[in-house]
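Participant: No sequence on hand, only this structure:
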Ligand code: HEM
């Protein structure tokens, strides 16, 4: 991946993470989302807070874990941050799965977000189990898959921006965003893995 794309990933992840932190730490709950989502957020305040704060940590930490130079020079830090990242994926993933059942946009949203949560948790599990067994290439591959899903937080907000900019009604496009925010990311992760691997290692 070239340097410009890498920098964009670092910057967009950090910006969305910082935005979400301030919006949810300091604003009244529901004030940062479309008015039609506010009632739901207030009805499941614990679920949404349990989802957002660990997910923010995963989003901000994630890109640093892919830095080869940093990893080689500070392997202990990489290990510690990796554990924090995965713990946040599990916390944010299970609470995300819970919130998916109440997400705005009906069944299309519920299924889209639920699948995203299940894949996020599962790929995190495989990333961990492969490195415990010292399968480094498999660990890298699963982490690429996992972070492509973490990055859905960024692509969802890009999608929201595009939807509003071209004047689409929120009610119409939001359910599709529950899929469009992660399926293309996953495809890109598979292309990167395919390019970097002579044989695909997943276990
Ligand atoms: C990758 C797995 C993820 C899943 C399955 C997931 C799922 C969800 C669901 C179901 C909602 C509620 C949407 C609704 O009520 O319509 C939500 C909201 C939210 N999620 Fe996630 N999410 C994920 C990742 C992340 C990450 C990595 C962040 C990091 C910033 C994040 C931050 C938020 C925020 C801030 C909201 C509130 C809505 C907003 O302010 O736009 N999520 N998520």
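Facilitator: Now that the structure is in, tell me what you want to look at. Since we're looking at a predicted model, the values are computed, not measured. Residues are numbered from 1 along each chain as shown.
Participant: which bits of this protein sit near the ligand?
Facilitator: 16-17, 20, 32-33, 37, 40, 51-52, 55-56, 58-59, 92-93, 96, 99-100, 103-104, 109, 113, 116-117, 120, 149-150, 152-153 (C-beta under 6 Å from any ligand atom). From N, CA and C alone the C-beta is placed, and that goes for glycine too.
Participant: Taking the centroid of the protein, which residue is nearest it?
Facilitator: residue 150 (1.6 Å; C-alpha atoms, centre = their mean).
Participant: returning to that earlier point: could you turn the buried ones of the residues of the chain next to the ligand into a PyMOL selection?
Facilitator: In PyMOL, this line selects whichever of the residues of the chain next to the ligand come out buried by 16 or more other C-beta atoms under 10 Å:
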select buried, resi 16+17+20+32+37+40+51+52+55+56+58+59+92+93+96+99+100+103+104+109+113+116+117+120+149+150+152+153
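Participant: Let me see the contact set for residue 188.
Facilitator: Residue 188 is in contact with residue 148, counting by C-beta atoms under 8 Å, 6 or more residues apart in numbering.
Participant: Find the helix or strand that it is a member of.
Facilitator: Assigned by DSSP states H and E, residue 188 belongs to helix 183-196.
Participant: Mind checking which of the residues of the chain next to the ligand land in strands?
Facilitator: Per DSSP state E, strands hold no members of the residues of the chain next to the ligand.
Participant: Next, the contact list for the residue nearest to the centre of the chain, please.
Facilitator: 13, 55, 58, 59, 62, 89, 120.
Participant: from the residues you listed, which is closest to residue 132?
Facilitator: Taking C-beta to C-beta as the measure, residue 132 sits nearest to residue 89 out of the contacts of residue 150, at 15.8 Å.
Participant: where does the residue nearest to the centre of the chain land on pLDDT?
Facilitator: The model reports residue 150 with a pLDDT of 98.
Participant: Tell me how far it lies from residue 30.
Facilitator: 24 Å (C-beta to C-beta, to the nearest Å).
Participant: And residue 19, by the same measure?
Facilitator: 16 Å.
Participant: ok, those two, which is more surrounded?
Facilitator: Set residue 19 next to residue 30 and count neighbours by other C-beta atoms under 10 Å: residue 30 wins out with 18 against 13.
Participant: tell me the secondary structure for that one?
Facilitator: coil (DSSP: H, G, I helix; E, B strand; the rest coil).
Participant: per-residue pLDDT, residue 101?
Facilitator: Here the pLDDT value assigned to residue 101 is 98.
Participant: So it is in contact with residue 111, correct?
Facilitator: No: using C-beta atoms under 8 Å as the test, residue 101 is too far from residue 111 to be in contact (10.3 Å).
Participant: Have a look at these two and say which one is more surrounded.
Facilitator: Neighbour comparison, residue 101 and residue 111: the larger count goes to residue 111, with 15 against 12 (by other C-beta under 10 Å).
Participant: Flag every buried residue along stretch 136-145.
Facilitator: 137, 138, 139, 140, 141, 142, 143, 144, 145.
Participant: Among those residues, which ones are in helices?
Facilitator: Judged by DSSP state H, the buried residues of stretch 136-145 include 137, 138, 139, 140, 141, 142, 143, 144, 145 as members of helices.
Participant: ok, those vs the ligand, which is closest?
Facilitator: Closest approach to the ligand among those (C-beta to the nearest ligand atom): residue 145, at 11.4 Å.
Participant: Noted, bye for now.
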